[in-house]
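In: Model the following, please.
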Amino acid sequence: METQKEQIRLQNLTGGMSPNEFSKLLKKYDPELKQKGYFIPLGLKDKELLMLAASASLGLVLFPSDEATMDFVQDHKSEFTERIVKPTNENHRAILGGAAAGSYFLGVVMKDNKLVKAGLYVVTSQIATQIVTEGFKKTFGRARPNADMGSMAWGTPGKSFFSGHSSGAWSFATVFAEIYKDNKVIPYLAYGVAALTSYGRLHDRKHFLSDVFYGAVAGHLITKMVMRMHEKDDSAGGLMVFPSFNPETGTFMVNFEYQKRRKKNTKLHCAKMPDGPEKIEACIYEAFLRSQ
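Out: Take a look at the predicted model:
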């Protein structure tokens, strides 16, 4: 229940109805409406934050070595490497789209909820991943290796940073690796195909090592957040979206409010005390302090 003070604060912030007021208005037309806001998880959990920090640090090493890595890959190309990278390089989108649709419909036919879930998760995570990827490509404008402008050519019409093939492949792999994490083979297979896709972009001189590396990290982390959205997990924090309405101007609007990471539930210290009135009193006081 929102306090009156919170209601006033939200109303002043939006210039229109508070979430509760707007919710009551909508219920006149839809009595079964229960949700007055929608949560979008944008926060990262501790392990994911550590991964992001480590990736950012590693990038300081990767960027200066991009050209040397590219030379090494080109010097070791062969007919065998040409054959193994061709499917992922030339049919990347068709493979991902077919796998997503195939997973969903096969899951429906076989009544396999995991496959159905995987198909749905792949679609939404791919959309989110590619939106972010395109944003980075257009913002940084890094020239591709095959443009022969060097690894530090930024602000060009090029779209090398970061790799869309890599972010898409690692997003796809993350969905299946997470859903089938109890299977010893599928996670290795999924991430193996993703790694091969990333290697293929270096092999064909479409991206530098840093491009495919950051694409992989972005695809993985964005997908983890999208999966939390589907599973309604708000433990890592994110945005709460409130539809609203300003009756004075007749304007509909959408308001956003950031929610901090939810603290983990920990046992009360008073639990270690011996049973009795003192323990009850101590637990009530400790619970009161934590609620503030």
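
In: Need the contact partners of the helix or strand hosting K86.
Out: Element membership of K86 [criterion: DSSP states H and E] is helix 79-90. For helix 79-90, contacts defined as Cβ atoms under 8 Å, 6 or more residues apart in numbering pick out I95, H165, A169, V193, L196, T197, Y199, G200, R201, H203, D204, K206. The way it works is simple: take the backbone N, C-alpha and C, and place the C-beta from them, glycine included.

In: Inside helices: which ones of those residues?
Out: I95, H165, A169, V193, L196, T197, Y199, G200, R201, H203 (DSSP state H).

In: How many residues are close by the residue lying closest to the fifth one once chain neighbours are set aside?
Out: Nearest residue to L196, sequence neighbours excluded (Cβ to Cβ, 6 or more residues apart in numbering): T88, at 6.1 Å. T88 is surrounded by 21 other residues when neighbours are defined as other Cβ atoms under 10 Å.

In: what residue ranges in this protein score low on pLDDT?
Out: 1-44, 46, 91-109, 233-268, 284-292 (pLDDT under 70).

In: if we go to 50?
Out: 1-2, 5-14, 33, 35, 291-292 (pLDDT under 50).

In: Residue ranges of each domain in it, please.
Out: Per automatic domain parsing, the structural domains of the chain span 1-42+237-261, 44-230, 265-292.

In: Please, where are all the helices along the stretch 1-150 of the chain?
Out: Here the stretch 1-150 of the chain has its helices, by DSSP state H, counting those that start in this stretch, at 4-14, 19-27, 46-62, 66-75, 79-90, 92-110, 113-140.

In: Show me which residues of the longest one are buried.
Out: If I follow you right, that is helix 113-140. Across helix 113-140, burial judged by 16 or more other Cβ atoms under 10 Å covers 115-126, 128-130, 133, 136-137, 140.

In: Looking at the ones in helices among the contacts of helix 79-90, state which has the most neighbours.
Out: Highest neighbour count within the ones in helices among the contacts of helix 79-90: A169, with 30 neighbours (other Cβ under 10 Å).

In: That one and T223, how far apart?
Out: Separation of A169 from T223 (Cβ to Cβ, to the nearest Å): 11 Å.

In: Which neighbouring elements make contact with the helix or strand harbouring A218?
Out: For A218, the host element (DSSP H and E) is helix 209-230. Applying 3 or more Cβ pairs under 8 Å, 6 or more residues apart in numbering; DSSP states H and E, one finds that helix 209-230 contacts strand 38-41, helix 46-62, helix 66-75, helix 113-140, helix 164-179, helix 186-203.

In: List just the one of those that sits closest to G215.
Out: helix 164-179 (3.2 Å; Cβ to Cβ).

In: hang on, isn't Q74 packed against D204?
Out: No - counting by Cβ atoms under 8 Å, Q74 stays clear of D204, with 9.9 Å between them.

In: okay, these two: which has more neighbours?
Out: Taking Q74 and D204 together and counting by other Cβ under 10 Å, D204 has the greater number of neighbours (19 against 13).

In: Around the closest residue to G155 other than its chain neighbours, count how many other residues there are.
Out: In space, and not counting its chain neighbours, G155 is closest to G141: 4.8 Å by Cβ to Cβ, 6+ apart. Other residues lying near G141 total 16 when counted by other Cβ under 10 Å.

In: Ok, the one 4 residues further on next?
Out: When neighbours are counted by other Cβ under 10 Å, P145 registers 26.

In: Might you report the residue contacts of it?
Out: M70, S151, S160, R205, K206, H207, F208.

In: and the fourth one, what does it touch?
Out: R205 makes contact with M70, Q74, R144, P145, N146, according to Cβ under 8 Å, 6+ apart.

In: Does M70 touch H207 like I think?
Out: No - with contacts counted by Cβ under 8 Å, M70 stays clear of H207, the gap being 9.2 Å.

In: Who has more neighbours out of those two?
Out: The neighbour count for M70 versus H207, taken as other Cβ under 10 Å, is higher for H207 (30 against 18).
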